[in-house]
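[1] Generate a structure from the sequence data that follows.
(2 chains)
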Amino acid sequence: DAKTTQPNSMESNEEEPVHLPCNHSTISGTDYIHWYRQLPSQGPEYVIHGLTSNVNNRMASLAIAEDRKSSTLILHRATLRDAAVYYCILRDVSSNTGKLIFGQGTTLQVKP
Amino acid sequence: KAGVTQTPRYLIKTRGQQVTLSCSPISGHRSVSWYQQTPGQGLQFLFEYFSETQRNKGNFPGRFSGRQFSNSRSEMNVSTLELGDSALYLCASSFQGDFAEAFFGQGTRLTVV
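    Numbers count the residues shown, from 1 in each chain, chains lettered A, B, ... in the order given. A predicted model of the protein is given here:
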């Protein structure tokens, strides 16, 4: 399984944008980039995923480097409810499995 | 639409006992995966079931087993419990399982004493 590298922790101020980086230099052509987050005392929740192009949804945006070796999850206006552990995960679309391989993730603190 | 339901939410067991945890996926979802979360190891994949068949398995001893029923509900069983099995056990369901969005339950907190 291809590996991802994320900073252990980041801080942000409320209502400011947050850019959460992820490095995946060994990504293969069939790997999708997924982001999940885990709020305190809850199971992980899906945030966004993409393959090559930048993606937007109601929660966040995903910016993918042209060589796909890195990506950035963008929260446009952080709120206190966005304080969570954010996981960047690669999923091989050809592997026919629902398996998710979680790294250590980035713990995001949001300050009021 | 009801979410993923895991029961029980909390459980205390003694070393050597066995335990069964249950997971009811979202209606229509055929893939159910199980994960163990501990402070030291983080979130680790246990196994995945799809249409009553185990499709993938993580690196856990044979004491950890599971099954899936025809209605997609899944159970996992841990036999001969050890103190190190104390963890939050999470299950996730998805429609197809390949790269679809996974929905997680709240988890079962197992404490082994």
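
[2] Leaving out sequence neighbours, find the closest residue to residue B:109.
    residue B:10 (4.9 Å; CB to CB, 6 or more residues apart in numbering or on different chains). In short, each C-beta sits where N, CA and C put it, glycine included.

[3] and if you look at residue A:52?
    Leaving out its chain neighbours, the residue that sits closest to residue A:52 by CB to CB, 6+ apart is residue A:64, at 6.2 Å.

[4] number of nearby residues for residue A:86?
    Other residues lying near residue A:86 total 24 when counted by other CB atoms under 10 Å in any protein chain shown.

[5] Please identify the helix or strand for it.
    For residue A:86, the enclosing helix or strand under DSSP states H and E is strand A:84-92.

[6] Can you give the strand pairings for that strand, parallel or anti for each?
    Paired strands of strand A:84-92, with direction, are strand A:31-38 (antiparallel), strand A:106-111 (antiparallel) (DSSP bridges).

[7] what residues does it touch?
    A:1-4, A:6, A:20, A:22, A:24, A:27-28, A:30-40, A:44, A:47, A:49, A:71, A:73, A:100-103, A:105-108, B:43, B:98-99 (CB atoms under 8 Å, 6 or more residues apart in numbering or on different chains).

[8] for chain B, what spans make up the strands?
    B:5-7, B:10-13, B:19-24, B:31-38, B:42-50, B:53-57, B:64-68, B:74-78, B:87-94, B:103-104, B:108-112 (DSSP state E).

[9] quick one, what contacts residue A:110?
    Per CB under 8 Å, 6+ apart, neighbours of residue A:110: A:11-14, A:18, A:78-80, A:82-83.

[10] show me the contacts for residue 112.
    Let's take chain A. By CB under 8 Å, 6+ apart, the residues touching residue A:112 are A:13-14, A:80.

[11] Switch to chain B, please.
    When contacts are counted by CB under 8 Å, 6+ apart, residue B:112 touches B:12-15, B:81-86.

[12] Which of these fall in helices?
    Among the contacts of residue B:112, DSSP state H puts none in helices.

[13] from these, which would you call buried?
    Applying 16 or more other CB atoms under 10 Å in any protein chain shown to those, the neighbour count classes B:13, B:81, B:85 as buried.

[14] Find the nearest non-adjacent residue to residue 51, please.
    Unless you meant another one, I'm taking chain A. Distances taken as CB to CB, 6+ apart put residue A:32 closest to residue A:51, at 5.4 Å, once the chain neighbours are dropped.

[15] Let me rephrase: I mean chain B.
    Per CB to CB, 6+ apart, closest to residue B:51 is residue B:30, 5.4 Å.

[16] what number of residues lie near the one you found?
    17.

[17] circling back: run through the bridge partners of the residue nearest to residue A:52.
    residue A:71.
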